[in-house]
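# Just a sequence and a predicted model for now, questions to come.
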Amino acid sequence: MKKLLFSALMGAMIISCNRDNDNVSPAPTIDDPSILPTKFTYFRFGDDEEVITFSYDGNKLVKLTQNNKDVIYTYTGDLITSVRSDDKYLEFSYDANGNLMHEYEELYNQGVKTNEKSTTYIVNGSTITAEQTSENYDSSGRWLNYTTVSTITYTLDAQKRPIKEVEVSEKKYATGNIAQKDNNISTYEYANHHSFLKNIKGMDKLYYSSLAIGLKKISGMVFPYSYTKDEANATIYDSSGNPSLDENFAYETKAEYTLNTNNYPTKIVYKTKYYDTGEFEDGGSYYTIEYNK
């Protein structure tokens, strides 16, 4: 939660005004594309608050700043083509219609590259198939620890937001022995209000990218999630490449929002389901968002 945020995105102001004779009644909605988030604060009981500020060039996100460290966004036209920080680099490429087609990612630890990931996206209507290869290295960056090959299938709604994600992956050590196989399913439901980063240019093209999907709770900023469920199924292998352990679990989260008069969230509380009670409970943390208007 205390990492620099690599997802950023949406908003829109609704103003109603209509006259029927001498009576005033609600009128057509008007979107104000100039509404942008300026400050995001994470509060957790017993910890120092984490503050992220947003800097813009018009509606283009220039950088996020947290603890005097920046995440820099670069555009080509209105499309985000790279995101860079001290410990992460992302690069995006698109087709002529603005569909995300390829993503490249590097992770760094004190300047040393420890992970490299390449993802190719195949777009077929409301279904997106991602073919992904990830290589993890030791702390020196010279020796390969393991490689993970994944096929991820996203089902999108009418607004091109993921409503289902199915990931099948296999991780192998550098020796070639299998370390782990996963078959995971995630589902998403959405609230009816605006996502708080809606008006940032280019974010609507990254709905199924790792920038949006990589961290579930943080990615709730990308879309106004009301509910998510993760069902994980993993088989762990021993050093000889034989199955040794099966792990299965489900993880459910719902979000509760406080909205301003423009239908934007100003506070987000995530609650996790405890299966012994069947109740959703928060962990003593919440987020607040401030806007430029």
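It's in. Keep in mind it's a predicted model, so treat the numbers as computed, not measured. Numbering: from 1, shown residues only.
# Going by C-alpha atoms from here, please, whenever you check contacts or count neighbours.
Fine.
# Can you pull the poorly scored residue ranges out of the stretch 1-150 of the chain?
For the stretch 1-150 of the chain, the stretches with pLDDT under 70 are 1-30.
# List the buried residues for stretch 183-198?
Residues 183-190, 193-198 are the ones in stretch 183-198 that count as buried (16 or more other Cα atoms under 10 Å).
# First residue to last residue on it, what's the distance there?
One end of stretch 183-198 sits 32 Å from the other (Cα to Cα, to the nearest Å).
# Help me confirm that K117 comes into contact with T147.
No - assessed by Cα atoms under 8 Å, K117 is found out of contact with T147, at 9.6 Å.
# Compare those two and say which one has the larger neighbour count.
Taking other Cα atoms under 10 Å, K117 and T147 do not tie; T147 has more neighbours (22 against 18).
# Convert the C-alpha atoms of the helix or strand hosting that one to PDB, please.
Taking DSSP states H and E as the definition, one finds T147 inside strand 144-156. The C-alpha coordinates for strand 144-156 follow below in PDB (Å, rounded to 0.1, in the frame of the first residue of the first chain):
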ATOM      1  CA  LEU A 144      18.100 -16.000 -13.600                       C
ATOM      2  CA  ASN A 145      16.000 -17.300 -10.700                       C
ATOM      3  CA  TYR A 146      12.900 -18.400 -12.500                       C
ATOM      4  CA  THR A 147      10.700 -17.700 -15.600                       C
ATOM      5  CA  THR A 148       6.900 -17.400 -15.400                       C
ATOM      6  CA  VAL A 149       4.800 -17.900 -18.600                       C
ATOM      7  CA  SER A 150       1.100 -16.900 -18.300                       C
ATOM      8  CA  THR A 151      -2.000 -16.700 -20.500                       C
ATOM      9  CA  ILE A 152      -4.500 -14.200 -19.100                       C
ATOM     10  CA  THR A 153      -8.000 -13.700 -20.500                       C
ATOM     11  CA  TYR A 154     -10.000 -10.600 -19.800                       C
ATOM     12  CA  THR A 155     -13.700 -10.200 -20.400                       C
ATOM     13  CA  LEU A 156     -14.700  -6.600 -20.800                       C
END
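# List the residues that are in contact with both of K117 and T147.
The contact sets of K117 and T147 overlap at 133-135 (Cα atoms under 8 Å, 6 or more residues apart in numbering).
# So among those, which ones count as buried?
Buried among those by 16+ other Cα under 10 Å: 133-135.
# Contacts for stretch 53-62, please.
Stretch 53-62 is touched from outside by 34, 36-40, 63-66, 72-75, 78, 199-202, with contacts defined as Cα under 8 Å, 6+ apart.
# Give me the distance between the two termini of it.
With Cα to Cα as the measure, stretch 53-62 spans 11 Å from end to end.
# Show me which positions of it end up buried.
Buried positions in stretch 53-62, judged by neighbour count with 16+ other Cα under 10 Å: 53-55, 59-62.
# Give the pairing partners of the strand or helix carrying Y42; include direction for each.
For Y42, the host element (DSSP H and E) is strand 37-44. The pairing partners recorded for strand 37-44 under DSSP bridges are strand 50-57 (antiparallel), strand 285-291 (antiparallel).
# do you know which of those strands lies nearest K164?
Among those, strand 285-291 comes nearest to K164, with 25.2 Å by Cα to Cα.
# how much distance is there from that closest one to the middle of the chain?
Here strand 285-291 is found 16 Å from its chain centre; the criterion is Cα atoms, centre = their mean, to the nearest Å.
# what residues does it touch?
Residues from elsewhere that reach strand 285-291 (Cα under 8 Å, 6+ apart): 35-45, 196, 265-270.
# Of those residues, which count as buried by neighbour count?
Among the contacts of strand 285-291, those classed as buried by 16+ other Cα under 10 Å are 35-42, 196, 265-270.
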